[in-house]
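**Q** Quick check, what structure comes out for this input:
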Amino acid sequence: MANFKGHALPGTFFFLFGLWWSVKCPLQRTWEKRQPGGKQQMPKFFKRIDLIEGVLKTFFAFVGIMAEQFVPDGPHGHLYNGGWIKLMNWQHSTMYLFFGISGIADILCSFPLPVPAGLDRLSLSLALFVEGFLFYYHVHDRPLLDKHIHSLLLVAVFGGAASTMLEAFIQDFTLLELFRSSVAILQGTWFYQIGFVLYPLNGEEWDTSSHDNVMFITMCYCWHYAAALLIVGINYSVVCWTTRRLRENHRPNIEIGLRKTCLTDTSSQKALLQESDEE
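**A** Model prediction:
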């Protein structure tokens with residue numbers, strides 16, 4: 001949709017998933033370090049989370065496709081009628097389609113099925129690549145500022161696609177997972193920024209041919225990523241601190257239980273010795 005809502009919808013999608021990944025990934029890694037068996041001892045709770053994540057991703061993709069197709073000025077499922085109909089909406093629908101495929105891959109990987117390891121990461125990487133591929137040919141013959149602000153989005157998109165592709169082969173690598181979280185948050189906030197610039201809510205339009213505006217938007221992009229890194233760093237720190245506190249609070253209970261067991265064993269041994277002496 002060529003309006004603010006059309007940019008806010010994918011922006012919300014990416015921001016929420018990036019925010020969730022910045023909590024989920026460090027939580028999984030810290031849990032693995034606590035368990036003697038590592039990943040083999042991961043509880044079913046995390047599998048259920050992956051299943052819910054896949055369902056939500058598929059649902060968001062379906063909502064995006066329906067929104068692009070059946071808005072009042074949308075193509076309503078028609079692609080050609082003497083000429084191409086609303087190709088911009090069709091491109092957005094294609095983007096959502098591949099993220100829906102990624103959600104289906106997440107669902108399959110959450111069940112004990114004979115699927116290749118890393119299929120979920122590979123499908124997400126392909127979805128991001130298709131998004132960048134579509135946006136690259138999305139802004140030709142546009143005004144200078146319009147073209148530039150969309151080209152900056154491609155940095156985050158292709159960066160996320162490359163890092164997620166690496167995750168398919170180098171699994172459970174914390175830095176790659178945190179980088180994916182940061183660029184997802186960056187995509188989310190930048191979609192909102194594109195909406196505010198191209199479709200301002202206050203009605204004051206930007207000068208799309210001004211080089212000063214291009215310079216400001218470039219600097220603003222760096223600020224967005226700094227904010228994304230800050231969010232990821234705070235979430236990572238909070239998760240690590242919380243799990244450490246829970247571990248410390250749980251340890252005294254274990255020690256008390258061990259002491260009670262030792263005292264019980266000692267008293268049992270004494271009773272047996274007394275019975276043997278009497279005999």
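**Q** Show the subsequent helix or strand relative to the one helix or strand residue 11 maps to.
**A** Element membership of residue 11 [criterion: DSSP states H and E] is helix 4-34. As assigned by DSSP H and E, the chain's next helix or strand after helix 4-34 is helix 44-70.
**Q** what comes up buried for that following helix?
**A** For helix 44-70, burial by neighbour count (16 or more other CB atoms under 10 Å) applies to 46, 50-51, 53-54, 56-58, 60-61, 64-65, 67-69. Using the backbone N, CA and C atoms, a C-beta is placed for each residue, glycine as well.
**Q** Please apply the same query to stretch 132-146.
**A** Quick answer for stretch 132-146 (16+ other CB under 10 Å): 132-135, 138-139, 145-146.
**Q** if we can go back for a sec, what is the helix holding residue 11 packed up against?
**A** Packing partners of helix 4-34 (3 or more CB pairs under 8 Å, 6 or more residues apart in numbering; DSSP states H and E): helix 44-70, helix 87-109, helix 174-198, helix 211-278.
**Q** average pLDDT for the shortest one?
**A** Over the span of helix 87-109, the pLDDT mean works out to 93.
**Q** Can you name every helix or strand that that helix contacts?
**A** Against helix 87-109 (3+ CB pairs under 8 Å, 6+ apart) you get helix 4-34, helix 44-70, helix 119-136.
**Q** Could you figure out how far it is turned away from helix 44-70?
**A** Orientation check (axes from the mean of the first three to the mean of the last three CA atoms, to 10 degrees): helix 87-109 against helix 44-70 gives 160 degrees.
**Q** Report the angle between helix 87-109 and helix 4-34.
**A** 20 degrees.
**Q** The first one now?
**A** Angle between the axes of helix 44-70 and helix 4-34 is 170 degrees (criterion: the same axes, to 10 degrees).
**Q** Mind checking the pLDDT average for helix 44-70?
**A** Helix 44-70 comes out at a mean pLDDT of 88.
**Q** distance between that helix and the chain's centre?
**A** On the basis of CA atoms, centre = their mean, to the nearest Å, helix 44-70 sits 12 Å off its chain's mean C-alpha point.
**Q** quick one, that helix and helix 119-136 angle?
**A** Using the same axes, to 10 degrees: helix 44-70 against helix 119-136 is 30 degrees.
**Q** Helix 44-70 - contacts with which helices or strands?
**A** Secondary elements touching helix 44-70 (3+ CB pairs under 8 Å, 6+ apart): helix 4-34, helix 87-109.
**Q** Repeat the analysis, applying 10 Å as the threshold.
**A** helix 4-34, helix 87-109, helix 119-136 (3 or more CB pairs under 10 Å, 6 or more residues apart in numbering; DSSP states H and E).
**Q** could you dump these to JSON lines with distance to residue 194?
**A** Listed next are the helices and strands packed on helix 44-70 as JSON lines, based on distance: least, CB to CB, whole Å:
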{"stretch": "helix 4-34", "distance to residue 194": "5"}
{"stretch": "helix 87-109", "distance to residue 194": "13"}
{"stretch": "helix 119-136", "distance to residue 194": "10"}
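**Q** Looking at those, which is nearest to residue 241?
**A** helix 4-34 (10.3 Å; CB to CB).
**Q** when you compare where the closest one runs with where helix 174-198 runs, what's the angle?
**A** Going by the same axes, to 10 degrees, helix 4-34 is angled at 170 degrees with respect to helix 174-198.
**Q** Give the ranges of residues in the stretch 101-250 of the chain that sit below the confidence cut-off.
**A** Applying pLDDT under 70 to the stretch 101-250 of the chain flags residues 250.
**Q** related to what we said a few turns ago, which pair in the buried residues of stretch 132-146 spans the largest distance?
**A** Across these, no pair lies farther apart than 133 and 145, at 22.4 Å, counting by CB to CB.
**Q** The closest residue to residue 167 other than its chain neighbours: neighbouring residues, count only.
**A** Leaving aside its sequence neighbours, residue 167 sits nearest to residue 121 (CB to CB, 6 or more residues apart in numbering; 4.4 Å). Using other CB atoms under 10 Å, residue 121 has 25 other residues around it.
**Q** I am finished for the moment; much appreciated.
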